[in-house]
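**Q** Make a model of this:
(one chain, ligands or ions: 2)
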Amino acid sequence: MSKTSRKRVILHLDMDAFYAAVEVRENPELAGKPLVIGHRGPRGVVSTCSYEARRFGVRSAMPSVTAERLCPHAIWMPGRMRLYADASRRIRKLFEEFTPVVEPLSIDEAFLDLTGIATDLEHGREAARKLKQRIREEERLTGSVGVAPNKFLAKVASDLEKPDGLVVLALEDVPARLWPLPIERLWGVGPKTAERLRARRVRRIGDLLKISERALRGIVGGAAAEHLHALARGEDSRKVQPDREAKSISEERTYGTDLTEMDEIDRALLQRSEGVARQLRRQGLAGRTVLLKVRSGDFETWTRAMTLPQPTDLTETIVEAACRLFRERIRLEGKGVRLLGVGVGGLEPAGSGQASLFPDAKQERARRLARATDAIRVKLGSDALVRARLLQNRKDNDLPEASSPPAVD
Ligand code: TTP
Ligand code: MG
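**A** Ligands and ions are numbered 1, 2, ... in the order given. The predicted model follows:
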């Protein structure tokens, strides 16, 4: 580990039970009670819940019917995005008092790089204490903070003593505090990889270091093995990226065989739009610019953009714009499509724009359906629920990861 990386001071903040905590702030009678944010009923999903409800097993992304069974006496509220987005924006403003190098990750989460501002981790702890205090005073909310020499450890640390936690995780603490954690806590280990690792008796992060990188390569592949070993040692050199928010979220794919039929192209646009919309929702973002990238079989490339009247995180809206851009602004002149990309730019926290206050019932229904399908994917894996149109066409023409990944992790 180099000298410079040892000296970095990175802070990760994640607000506690964010939507629920904002509701409690607005109505103190809710304090200390099990509160669930989400829509009740067979198609509803839990957005989040108070820690009192978590004691009964209620969790984010859980079907509402399950939550109702686990905690029948909970109070339910549908959620008020604008309120949460406003709180989020004001909290981000507070970050400026600490450092200009801020990378927002979602509506309630951000990395702050205090390198050069805090001289060491203990100094970082002081800054974290002040930040928590400012948030408590200004917003009457609590957040949990991790302070560490890199992003990975800071994120792990913020989660260790939730709610209202403050944990400093130095490299020396890695054996005691990182190694006992389950391997799913490593970035890049999803349920499938975790299953494969567990089959080899790798259950905790520390177990990863007991097998050689070569053996690990056999389980997860070359690049991933190196990456996971480094994380398990507590090493992560990724920078805090302050301009990330300004970027777009996009997804593109190169096809093994050029696409020539319009319905094939439409389905591909739907798949890419779906991927982008899911990423937006996962990060609590919405955007008003839809971007389309097309490359023909002979490598001519077009990029086209269109501005929507209001920010969106819905597949239907994104795909509609992408299809329109394709039909109206691309002239293929008989050539096939080698690459298709869809992106959304002009990002902001979802619900912060005037129009995002669910202006009509149709959009609200689409939004609820999108959340429900997101939740089912979280529960059963991403292939469990595929829209009927996608299902029709699950042919393996896609080359996996052949093009650049989206602008975010
Ligand atoms: P999280 O930070 O994941 O959850 P949280 O802040 O409610 O609770 P914790 O104390 O564990 O951090 O997400 C932030 C907000 O994003 C959350 O308050 C509601 C929203 N959200 C959803 O709407 N759906 C989801 O599936 C998740 C995970 C979050
Ligand atoms: Mg949170």
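**Q** Touching stretch 300-308 from outside, list them.
**A** 288-295, 317, 321, 324-325, 329-330, 335, 339, 345-346 (CB atoms under 8 Å, 6 or more residues apart in numbering). C-beta: built from backbone N, CA, C; applies to glycine.
**Q** Give me the buried subset of the residues you listed.
**A** Buried subset of the contacts of stretch 300-308 (neighbour count, 16 or more other CB atoms under 10 Å): 288-295, 317, 321, 325, 339, 345-346.
**Q** which residue does the stretch 201-350 of the chain bring closest to ligand 2?
**A** Nearest residue of the stretch 201-350 of the chain to ligand 2 (CB to the ion) works out as Gly284 at 10.2 Å.
**Q** Excluding residues flanking it in the chain, which one is nearest Gly38?
**A** Val46 (4.3 Å; CB to CB, 6 or more residues apart in numbering).
**Q** ditto for His73
**A** Counting by CB to CB, 6+ apart, His73 lies nearest to Pro34, which is 6.8 Å off, once chain neighbours are set aside.
**Q** quick one, strands of this protein?
**A** Secondary structure of the chain (DSSP state E): strands at 10-15, 35-38, 46-49, 75-77, 102-106, 109-113, 143-148, 166-168, 249-259, 285-296, 301-312, 337-349.
**Q** Now stretch 189-203 - C-alpha only, PDB.
**A** Taking Å, rounded to 0.1, in the frame of the first residue of the first chain, the C-alpha atoms of stretch 189-203 are listed here in PDB:
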ATOM      1  CA  VAL A 189     -20.100 -10.400  -4.700                       C
ATOM      2  CA  GLY A 190     -23.700 -11.000  -5.700                       C
ATOM      3  CA  PRO A 191     -25.900 -14.000  -4.600                       C
ATOM      4  CA  LYS A 192     -24.500 -16.300  -7.300                       C
ATOM      5  CA  THR A 193     -20.800 -15.600  -6.600                       C
ATOM      6  CA  ALA A 194     -21.500 -15.900  -2.800                       C
ATOM      7  CA  GLU A 195     -23.100 -19.300  -3.400                       C
ATOM      8  CA  ARG A 196     -20.100 -20.500  -5.400                       C
ATOM      9  CA  LEU A 197     -17.700 -19.200  -2.700                       C
ATOM     10  CA  ARG A 198     -19.700 -20.800   0.100                       C
ATOM     11  CA  ALA A 199     -19.500 -24.100  -1.700                       C
ATOM     12  CA  ARG A 200     -15.700 -23.800  -1.300                       C
ATOM     13  CA  ARG A 201     -16.100 -23.000   2.400                       C
ATOM     14  CA  VAL A 202     -15.500 -19.300   1.900                       C
ATOM     15  CA  ARG A 203     -18.200 -17.700   4.000                       C
END
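**Q** So for that stretch, what gets flagged as buried?
**A** Here stretch 189-203 shows 189, 193-194, 197, 202 as buried, counting by 16+ other CB under 10 Å.
**Q** Now do the same contact list for Ala366.
**A** Taking CB under 8 Å, 6+ apart, we find Ala366 in contact with 314, 316.
**Q** Make 716 the starting number, not 1.
**A** Sure, I'll start counting at 716 from here, so that last one is Ala1081.
**Q** would you list every one of the helices in the stretch 1016-1124 of the chain?
**A** For the stretch 1016-1124 of the chain, the helices defined by DSSP state H, counting those that start in this stretch occupy 1030-1044, 1076-1095, 1103-1107.
**Q** With respect to those helices, which exhibits the lowest mean confidence?
**A** Ranked by mean pLDDT, the helices of the stretch 1016-1124 of the chain bottom out at helix 1103-1107, with a mean of 46.
**Q** Quick check: the gap between the residue nearest to Gly753 and Met792.
**A** Distance of Val761 to Met792, given as CB to CB, to the nearest Å: 11 Å.
**Q** higher neighbour count, the two?
**A** Each of Val761 and Met792 has its neighbours counted (other CB atoms under 10 Å); Val761 has more, 25 against 17.
**Q** on that earlier part again, can you say which of the strands of the chain is nearest to Arg982?
**A** strand 964-974 (9.0 Å; CB to CB).
**Q** just checking, what packs against that closest one?
**A** On a contact count with 3 or more CB pairs under 8 Å, 6 or more residues apart in numbering; DSSP states H and E, strand 964-974 meets helix 977-997, strand 1000-1011, strand 1052-1064.
**Q** Let's have these in TSV, adding distance to Ala939.
**A** Formatted as TSV, those follow (distance: least, CB to CB, whole Å):
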stretch	distance to Ala939
helix 977-997	20
strand 1000-1011	27
strand 1052-1064	24
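**Q** Write out the residues of the stretch 816-965 of the chain neighbouring ligand 1.
**A** With CB under 6 Å from any ligand atom as the criterion, the stretch 816-965 of the chain meets ligand 1 at residues 822-824, 877-878.
**Q** Between those, which sits nearest ligand 1?
**A** Nearest to ligand 1 out of those is Asp823 (CB to the nearest ligand atom; 4.2 Å).
**Q** Understood, closing this out.
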